[in-house]
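Student: just the structure for this:
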Amino acid sequence: MNLLWILLPSSLLLGALFLLQRERRSRQTLERQLKQVSDELKRTFQRLEETQARLETTFSGMGEGVLLTDERGDIVHLNPSFREMFRLTGKVEGRSALEVLANVACDDAIREVIQKGGSVEREIEFKKPKRRIFQIHFSPMRREGRLFGVVSLFHDLTEIRRLEEVRRDFVANLSHELKTPLTAIRGYSETLLEESGSLSAGLRRHAEIIFRHAADLGQLMENLLNLSRIESGREEVALESIPPKTFVSRLFERFHVQAGVKRIELANEVSGEVPPLMADPNKLNQILSNLVDNAIKYSPAGAKVWVRSRPQAKEYEIEVGDNGPGIPLQDQERIFERFYRVDKARSRDTGGAGLGLAIVKHLVELHGGRISLESSPAQGSKFKVLFPHTLSQHASVRP
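Tutor: Modelled structure (predicted):
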C-alpha cells in the first residue's frame, strides 16, 4: 500500500486530499445548517406552545362564554365559563351546537355566518338549563381566505333585563298610583278657577299654578305609562294604509293656535302624488305630534316648521324640520335618551320632561324603522323617520 502511494503521481495525491477536505467542509456546513433548522423548529414549537397556552389561559379566564364551531356547526372548543353557563359536563366536542344548546335561534345565527361569511349579533333567550338572556356575537374564522368555523361570544344579560323589567313595573305602578291624586288635584283646582268670582286675585293665581302643574304632572305620568307599555314588548302595531298629505294636514290643524301665538309657519310639503304609507295611525300620530310640538316649542317667533315625505327604494322617509336654533353636537348623541333635555331651564318653562323623543324612538323601532337627526347651531334641525316597506312580522294588518 505504501508503495502504491509512492508510485502515485503527486498531482493525483493533491487532488485526493482536496476532495477529502471539501467533503469534510460540506459535511460540517450541512451539520451547521441542520442544527440551525433544528433550533428554529424548536423555537417555533416553543412559540406555538406559548401562544396556545396564552389562548387557553385567555379563554379560561374570560367571564363571557366562548364557543368555537366548525364549518358544519359542530362544537370544536368551549371555555369553562360556557360550560358553567349551560351546566355542561363531559365531552361535548364533536356534537352539533343545536344538539347541545337546544336553541334554534342560536343555530340559525351560526348557519347564517357560515353561509354569508359576515358577523352576526343577536339577543337570544335560552330556556335550559334555566331561563337566561344572552347578547351573542357570532364571527367567522378564516384561514387563507377560507371560512373554517365560527367563534361565538356569549354575554349574559339576564340580570340587566330583570332589573329593566323591575324598573318598568315600578314606573308603571307608581304612575298608576299617582294618577288618582293628580286627577283630584286637577279637578279641584279647575273647580276653583270656575268659581273665580269669589276668589281674590292672589288665590286665583295660586289656583292657576296648581292647575298648570297638576296638568304637567298628569302628562308626565301618561308619558311614563306609554313608555313603560312600549318597552314591555306588549304593544302591538296595527298597520293601515295612510295617505301622508291628508294625515299631515289633519295633524297641523291641532297646532294652528300654538303656532299662531309665535307666528310660526306650518308647511305641509308632502306631495299629493306620494303613495300611501303603511303604519299604525295612532302611533304615527304620536310620533309626528311629538316632533312637531318640539319644533314649535323650541323655535323662535317667525320660524318655519315643515313636514316632508318621500318613498325610497327600501324605506319610506318622513322628515320633520325647522329653521330654529338647532341642537348642539354634544347633545345629539343623547337626544333620544329618556329624561334628557338639551336646555333644562327652557324645558322647565315649556313643561318638557325629556320623554317625548324617547317615546318617538321606541314607536319608530316598533314599526321596524329608525330615526335620525341632522342639526347644526343656528341652522335648524331635521328629524328623519324611516319606515321599512316590508311589514313587520309582529304587526297585525288592517285592510
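Student: list the buried residues of stretch 144-155.
Tutor: For stretch 144-155, the neighbour count (16 or more other CB atoms under 10 Å) marks Leu147, Gly149, Val150, Val151, Ser152, Leu153, Phe154 as buried. All C-beta atoms are positioned from the backbone trio N, CA, C, and that covers glycine.
Student: apologies, that question was intended for stretch 170-190.
Tutor: Buried residues in stretch 170-190, counted by 16+ other CB under 10 Å: Val171, Ala172, Ser175, Leu182, Ile185, Arg186, Ser189.
Student: which elements pack onto whatever helix or strand the first one lives in?
Tutor: Taking DSSP states H and E as the criterion, the element that holds Val171 is helix 158-194. Based on contacts counted as 3 or more CB pairs under 8 Å, 6 or more residues apart in numbering; DSSP states H and E, the elements that helix 158-194 packs against are strand 132-143, helix 201-231.
Student: lowest-confidence stretch among these?
Tutor: Ranked by mean pLDDT, those bottom out at helix 201-231, with a mean of 81.
Student: and whatever helix or strand comes next after it, how far out from the chain's middle?
Tutor: Downstream of helix 201-231, the first helix or strand assigned by DSSP H and E is strand 238-242. Centroid separation between strand 238-242 and its chain, computed with CA atoms, centre = their mean, to the nearest Å, is 26 Å.
Student: got it, and stretch 250-267?
Tutor: With CA atoms, centre = their mean, you get 35 Å for stretch 250-267.
Student: hmm, who's touching it?
Tutor: 268, 285, 288-289, 292-293, 296, 299-307 (CB atoms under 8 Å, 6 or more residues apart in numbering).
Student: among those residues, which ones are in helices?
Tutor: Applying DSSP state H to the contacts of stretch 250-267, the entries found in helices are Asn285, Leu288, Ser289, Val292, Asp293, Ile296.
Student: out of the residues you listed, who's nearest Glu121?
Tutor: Nearest to Glu121 out of the ones in helices among the contacts of stretch 250-267 is Leu288 (CB to CB; 31.0 Å).
Student: any idea how this structure splits into domains?
Tutor: Domain ranges of the chain: 14-58, 62-156, 160-231, 238-397, per automatic domain parsing.
Student: how far away is His137 from Ala109?
Tutor: 10 Å (CB to CB, to the nearest Å).
Student: overlap in contacts, those two.
Tutor: Val120, Ser152.
Student: higher neighbour count, the two?
Tutor: Taking neighbours as other CB atoms under 10 Å, His137 and Ala109 compare with Ala109 leading, 21 against 16.
Student: thanks a lot, see you next time.
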